[in-house]
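Asker: model this:
(one chain, ligands or ions: 1)
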Amino acid sequence: MNLKVKEIFYSLQGEGGRQGEASIFIRLSGCNLKCDFCDTDFSGGETMELTQILSVIRQYPCRWIIWTGGEPALQLTEEVIVFFEREGYSQAIESNGHYLLSNLLNYTVISPKGNPDYAKKINPSVDEVRLPVKKGDAIPGFGRLPKAKYYFLSPVFTDDILVTKENIDYCVEQVKQMPGWRLSLQIHKLINIE
Ligand code: SF4
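Answerer: The predicted model follows:
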């Protein structure tokens, strides 16, 4: 079995319900969407056997994998999840929610893009819903979203610090008005780590 991998790196989870935990990020190539605010390069990459990936991640003392992308669910089969589970890894995924996520995963995060109604139909229940939000974006009601342990608003960070600040202020106000939400800042961008 092999996967097309854009990059593998070891860092801290910068956002959401596992924020601050050491994690091995495996970024898989490709995505089914083209969001205008996308800040991730998921093109190209290298085709790697699972055993090759394992030998790369074995160098780290951590046993948490975060499958990210692009859209990792395009490639992440249950055979792959079972392979790494047998090697002692817990596995999280960061997905746009367009594909059914395996219940073999240990932590599931959906960031619905655009109209979120599709996400609930495909994945009725996940661990975390995290919405990227720009100033003025409509925040969907909880009834339109998958059932989740955590609901996070994640202000979109831009190169313009004033715009970023406006996005943060907007999210703070939304959380105050709808307390079921929490604020998630992308601390990896604030402290300049991967
Ligand atoms: S779903 Fe995520 S990775 Fe894919 S284009 Fe949108 S922001 Fe980028």
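Asker: Give me the mean pLDDT for the helix or strand where residue 52 lies.
Answerer: Counting by DSSP states H and E, the element that carries residue 52 is helix 50-57. Here helix 50-57 scores 98 as its mean pLDDT.
Asker: other SSEs contacting it?
Answerer: Packing partners of helix 50-57 (3 or more CB pairs under 8 Å, 6 or more residues apart in numbering; DSSP states H and E): strand 2-12, strand 22-28, helix 78-86. All C-beta spots, glycine's among them, are computed from the backbone N, C-alpha and C.
Asker: So which residues make contact with the helix ranked longest in the chain?
Answerer: Ranked by number of residues, the top helix in the chain under DSSP state H is helix 161-177. Contacts of helix 161-177 with the rest of the structure, by CB atoms under 8 Å, 6 or more residues apart in numbering, involve 133-137, 139, 153-158, 181-183, 185.
Asker: residues making contact with the worst-scoring helix or strand of the chain on mean pLDDT?
Answerer: Ranked by mean pLDDT, DSSP states H and E, the helix or strand of the chain with the weakest confidence is helix 187-190, at a mean of 89. Here helix 187-190 makes contact (CB under 8 Å, 6+ apart) with 11, 12, 14, 15, 19, 20, 157, 194.
Asker: between these, which is nearest residue 32?
Answerer: Closest to residue 32 out of the contacts of helix 187-190 is residue 15 (21.8 Å), distances taken as CB to CB.
Asker: what about the closest one, neighbour count?
Answerer: Other residues within reach of residue 15, judged by other CB atoms under 10 Å, total 21.
Asker: Let me know whether it touches residue 130 as I believe.
Answerer: Yes. In this structure residue 15 lies within contact range of residue 130 using CB atoms under 8 Å: 6.9 Å.
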